[in-house]
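**Student:** Pasting a predicted model and its sequence here:
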Amino acid sequence: MDKFVIRGGNPLVGTVRVSGAKNAALPCMAAALLTDETVTLENIPDVRDIQTERKLLVAMGAEVELGYGRAHHRTVINCAKLEKPEATYDLVKTMRASTLVLGPLVARTGHARVSLPGGCAIGARPIDLHIKGLEKLGATITTEHGYVEARADRLKGGHIVFEKITVTGTEDLLMAAVLADGETVMENCAREPEVADLAALLSKMGAKIEGAGTSTIKVHGVAKLRGARHRIIPDRIEAGTFVIAAAMTGGDLIVSGCDPKHLGALTAKLQECGVKFTENGDSVRVMGDGPLRCADVSTEEYPGFPTDMQAQFMALATQVDGTSVVTENIFENRFMHAQEMVRMGANIRIEGRRAIVRGKTPLSAAAVLASDLRASASLVLAALVADGETIIDRVYHIDRGYERIEEKLKGVGAQMRRIGEMLPRKAPLAQQA
Ligand code: EPU
């Protein structure tokens, strides 16, 4: 298992480029299941979750071709043959987003068998809303031996009102509805840019969709979809992580290749903290030279403050003047990073869904443990301002969603290194006998 060693204290200066959005790429790859023609996706990030999704598609019988050289971020998918419409436990347990294949598989093949994901480090995360929605579209669902099985000769359009806003739930049902017979209306949908990006791909494939990116989506089902070529939107969470890194280290950083419109809630909050920004087309420049002050933050569905930026904001809050209250409304257990930051000298008290962060405390390097993807990112941020060398263990979590983060951060001045696991020392011969 790799570790990161980070020596804090350097301001981040220069330009860092953002990769494609993991959370848009995952549903777009699943959308390739909806056609027997070829789907070409550009700007696919080179991260672990994408590798897992490739394995998932290949296990079903799809042909997945990876780009190389200058086409490194291109993935070409052909799902003409789908011999095994199944997502096994092995793959779903390593990546919950595997459940995104449920809707498209049943829509295209009339049958899907997908392992139930179970809990994860940040909360229970059930998929009941995906299941209820598919039932509304006429699928028969059975749950047995830890697997959900969905069957339908052809799905039928229906009226779905989500009890709770769900991002992958909206995406899963959107992919089911595009091949259903008749009109589907979905209300209380997620408005995340990743949902709109999936809809943009589906429209290129011939789907008839109105309202993606708003809370009501209407779909006129079609009998067949064709192949398409699509470029994935930039990763707003990766961009936001770099923005906070610049602000915390007192740097002057251009975060390029992003969409500043998708960062609105974050930049508004950071401006409240005293961070200065300028926007220029597809980049933002962050100037973190002035004093920073506290601000309260409450996570919400898009366009509110993203839960995927909560941990990183908490790292920043340890370094500003005053007390910030961070409220997590989306997931019930997403404060695992707080205790690791406390071990580095932060003053954080957790009260249920609220974290009270008293700044500004000097952080000192320690050995810390990454517990999930965004928690790992927040520990990298804390380490960038800590005194001494922090060692972050279990960085496979960060590799799930950040492409070569150590190289990107090193390129703008961070002192950071990836190290492989040390091999245990060989026992002396006498002991081995
Ligand atoms: N929920 C249910 N039932 C469902 C589905 C969701 O109760 O059937 C609940 C969840 O337990 C949670 C809330 O609804 O409390 C919102 O969950 P949502 O379904 O929106 O989350 P998700 O689709 O599983 C995506 C991202 C997450 C991101 C959340 C929230 C992908 C692949 N994942 O997850 O990204 O945190 O939306 O914005 O798009 C990450 O990238 O680190 C990450 C965790």
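**Tutor:** Now that the structure is in, tell me what you want to look at.

**Student:** Residue 350 falls within a helix, correct?
**Tutor:** No: counting by DSSP: H, G, I helix; E, B strand; the rest coil, residue 350 falls outside a helix, being strand.

**Student:** Tell me the confidence at the closest residue to the ligand within the stretch 301-433 of the chain?
**Tutor:** Residue nearest to the ligand within the stretch 301-433 of the chain: residue 373 (4.2 Å; CB to the nearest ligand atom). C-beta here means a position set from N, CA and C on the backbone, and glycine is covered the same way. pLDDT for residue 373: 94.

**Student:** Same question for residue 429.
**Tutor:** pLDDT, residue 429: 57.

**Student:** go on, the one 3 residues further on?
**Tutor:** As summarised for this prediction, residue 432 has a pLDDT of 50.

**Student:** just residue 363 next, same as before
**Tutor:** pLDDT, read off for residue 363, is 98.

**Student:** got a list of what the nearest residue to it once chain neighbours are set aside touches?
**Tutor:** Leaving aside its sequence neighbours, residue 363 sits nearest to residue 386 (CB to CB, 6 or more residues apart in numbering; 4.0 Å). Residue 386 sits next to 6, 8, 344-345, 363-366 when contact means CB atoms under 8 Å, 6 or more residues apart in numbering.

**Student:** Now which of the residues you listed would you call buried?
**Tutor:** Buried subset of the contacts of residue 386 (neighbour count, 16 or more other CB atoms under 10 Å): 6, 8, 344-345, 363, 365-366.

**Student:** Make JSON lines from those residues and add secondary structure and distance to the ligand to it.
**Tutor:** JSON lines is the format used below for these (DSSP: H, G, I helix; E, B strand; the rest coil; distance: CB to the nearest ligand atom, whole Å):
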{"residue": "6", "secondary structure": "strand", "distance to the ligand": "21"}
{"residue": "8", "secondary structure": "coil", "distance to the ligand": "24"}
{"residue": "344", "secondary structure": "coil", "distance to the ligand": "22"}
{"residue": "345", "secondary structure": "coil", "distance to the ligand": "26"}
{"residue": "363", "secondary structure": "coil", "distance to the ligand": "23"}
{"residue": "365", "secondary structure": "coil", "distance to the ligand": "25"}
{"residue": "366", "secondary structure": "coil", "distance to the ligand": "24"}
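
**Student:** so which of those residues comes closest to residue 328?
**Tutor:** Checking the buried ones among the contacts of residue 386 against residue 328 by CB to CB gives residue 344 as the nearest, at 20.2 Å.

**Student:** Measure how buried the closest residue to residue 270 other than its chain neighbours is and give me the count.
**Tutor:** In this structure, residue 270 finds its nearest non-sequential neighbour in residue 247, 6.0 Å apart by CB to CB, 6+ apart. Residues near residue 247, counting by other CB atoms under 10 Å, number 27.

**Student:** likewise the one 10 residues further on?
**Tutor:** The burial count assigned to residue 257 is 17, neighbours taken as other CB under 10 Å.

**Student:** Would you enumerate the residues in contact with it?
**Tutor:** 17-18, 234, 282-283.

**Student:** re the thing from before, retrieve the pLDDT associated with the residue nearest to the residue of the stretch 301-433 of the chain closest to the ligand when sequence neighbours are not counted.
**Tutor:** Leaving aside its chain neighbours, residue 373 sits nearest to residue 401 (4.7 Å; criterion: CB to CB, 6+ apart). Per-residue confidence (pLDDT) for residue 401: 96.

**Student:** Three-state assignment for residue 401, please.
**Tutor:** Strictly by three-state DSSP, residue 401 counts as coil.

**Student:** Verify the stated contact: it with residue 50.
**Tutor:** No: with contacts counted by CB atoms under 8 Å, residue 401 stays clear of residue 50, the gap being 9.3 Å.

**Student:** which residues do those two both contact?
**Tutor:** residue 22.

**Student:** in stretch 267-284, what counts as buried?
**Tutor:** Under 16+ other CB under 10 Å, the buried positions of stretch 267-284 are 267, 269-270, 273-275, 277, 283-284.

**Student:** For the stretch 301-433 of the chain, give me the ranges with low pLDDT.
**Tutor:** 421-433 (pLDDT under 70).

**Student:** which stretches of it form helices?
**Tutor:** 310-317, 336-343, 373-385, 396-399, 405-410, 429-432 (DSSP state H, counting those that start in this stretch).

**Student:** now the stretch 101-250 of the chain
**Tutor:** Using DSSP H, counting those that start in this stretch, the helices found in the stretch 101-250 of the chain span residues 102-109, 128-136, 167-177, 193-204, 236-249.

**Student:** Now render those helices as CSV, adding distance to the ligand.
**Tutor:** Shown next, in CSV, are the helices of the stretch 101-250 of the chain (distance: least, CB to the nearest ligand atom, whole Å):
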stretch, distance to the ligand
helix 102-109, 11
helix 128-136, 3
helix 167-177, 3
helix 193-204, 6
helix 236-249, 6
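
**Student:** want to throw the ones you listed into JSON lines with mean pLDDT?
**Tutor:** Shown next, in JSON lines, are the helices of the stretch 101-250 of the chain (pLDDT from 0 to 100):
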{"stretch": "helix 102-109", "mean pLDDT": "97"}
{"stretch": "helix 128-136", "mean pLDDT": "97"}
{"stretch": "helix 167-177", "mean pLDDT": "98"}
{"stretch": "helix 193-204", "mean pLDDT": "98"}
{"stretch": "helix 236-249", "mean pLDDT": "98"}
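
**Student:** and residue 304, what does it touch?
**Tutor:** 265, 298.

**Student:** how about it, phi and psi?
**Tutor:** phi -70, psi -170 (degrees, to the nearest 10).

**Student:** sorry, back to before: could you dump the contacts of residue 257 to TSV with secondary structure?
**Tutor:** Formatted as TSV, those follow (three-state DSSP):
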residue	secondary structure
17	strand
18	coil
234	strand
282	coil
283	strand
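
**Student:** Get me the contact residues on the chain for the ligand.
**Tutor:** 23, 26, 96-97, 123-130, 164, 166-169, 194, 307-308, 330-331, 373-374, 401 (CB under 6 Å from any ligand atom).
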